[in-house]
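[1] structure of the sequence below:
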Amino acid sequence: MPRKPPRRTRERILETALALFNRAGEPHVTTADIADEMNISPGNLYYHFRNKDEIIGLLFGRLDASLSPLFAGPSSRDADVEDLWLFMHLMFERVWEYRFFFRDLDEITSRDRKLATRVADLLQREQNAVIELCNGLRNVGALRAADAEIAALAVNVVMIATYWMSFQRLSRTAAATADGDPAAMQFERAIAHVLALLAPYLLGDHRALVEHLGARYVGTAGAPVRSDLAEE
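    Got it, this is the predicted structure:
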């Protein structure tokens with residue numbers, strides 16, 4: 001069996017930085033900490049990245065690239081409730097994967113005007129995707145809402161997705177668990193809150209399904225639910 005080629009130092013730096021940022025919080029991690037974690041010299045790290053903000057910018061690029069396919073939506077048909085649920089679940093999974101960014105979003109973007117512009121563009125595309133999904137649901141008779149109501153829903157969904165990590169930390173609702181433990185994945189409670197926002201605008205069986213999904217998210221208290229729900 002052929003041996004896998006070793007990961008390049010640049011890639012290892014990004015992976016290590018992401019893990020440290022998620023665990024300790026970006027403001028508490030220095031480039032020296034990253035180099036020390038990797039057992040490389042600071043000079044070796046600076047050969048690949050000029051500073052910590054450059055590392056953050058590349059990590060944000062990866063977050064953006066992972067979210068962008070979700071914003072495309074169904075290409076040949078109107079959306080249904082399962083599309084809505086899958087969109088929310090995958091979006092919050094990515095927020096969790098890059099949670100350091102959302103925990104300290106204001107501080108990070110205040111240091112980098114170009115990054116702040118990139119974030120604003122991402123949030124606008126996210127809002128547009130939610131609007132498109134809601135319009136699709138309205139087209140098939142699953143949702144009843146005026147354009148202004150859909151626009152407001154989209155803003156609220158994006159606000160929850162963007163600031164849930166900060167809210168969770170400040171409200172002390174998250175259990176004190178080890179980083180990486182599935183019990184720490186409280187993003188699923190955020191999905192339940194988003195579904196609760198949308199439920200009053202859904203009709204009949206569509207609303208019942210969303211309420212059921214939301215209840216399952218709260219009931220699991222962070223345990224992975226995707227495979228269970230996909231089979232129902």
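
[2] the host helix or strand of Ala215: how far from the chain's middle?
    Secondary structure assignment for Ala215, by DSSP states H and E: helix 204-220. In terms of Cα atoms, centre = their mean, to the nearest Å, the centre of helix 204-220 is found 21 Å from the chain centre.

[3] quick one: buried residues of that helix?
    For helix 204-220, burial by neighbour count (16 or more other Cβ atoms under 10 Å) applies to 206-207, 209-210, 213-214, 216-217, 220. Just so you know, the C-beta spots here come from the backbone N, C-alpha and C atoms, and that holds for glycine as well.

[4] how far away is the residue nearest in space to the middle of the chain from Asn22?
    Of all residues in the chain, the one closest to the mean position by Cα atoms, centre = their mean is Val95, 1.9 Å from it. Using Cβ to Cβ, to the nearest Å, Val95 is found at 11 Å from Asn22.

[5] care to break the chain down by domain?
    1-50, 56-230 (automatic domain parsing).

[6] still on that earlier bit, quick check, nearest of the buried residues of helix 204-220 to Met38?
    Nearest to Met38 among the buried residues of helix 204-220: Thr220, at 35.2 Å, using Cβ to Cβ.

[7] tell me the mean pLDDT over the helix or strand harbouring Ile108?
    Counting by DSSP H and E, the element that carries Ile108 is helix 105-110. Averaged across helix 105-110, pLDDT comes to 94.

[8] from the chain's centroid, how far away is the next helix or strand after it?
    Downstream of helix 105-110, the first helix or strand assigned by DSSP H and E is helix 113-139. Distance of helix 113-139 from the chain centroid (Cα atoms, centre = their mean) equals 13 Å.

[9] alright, I will stop here.
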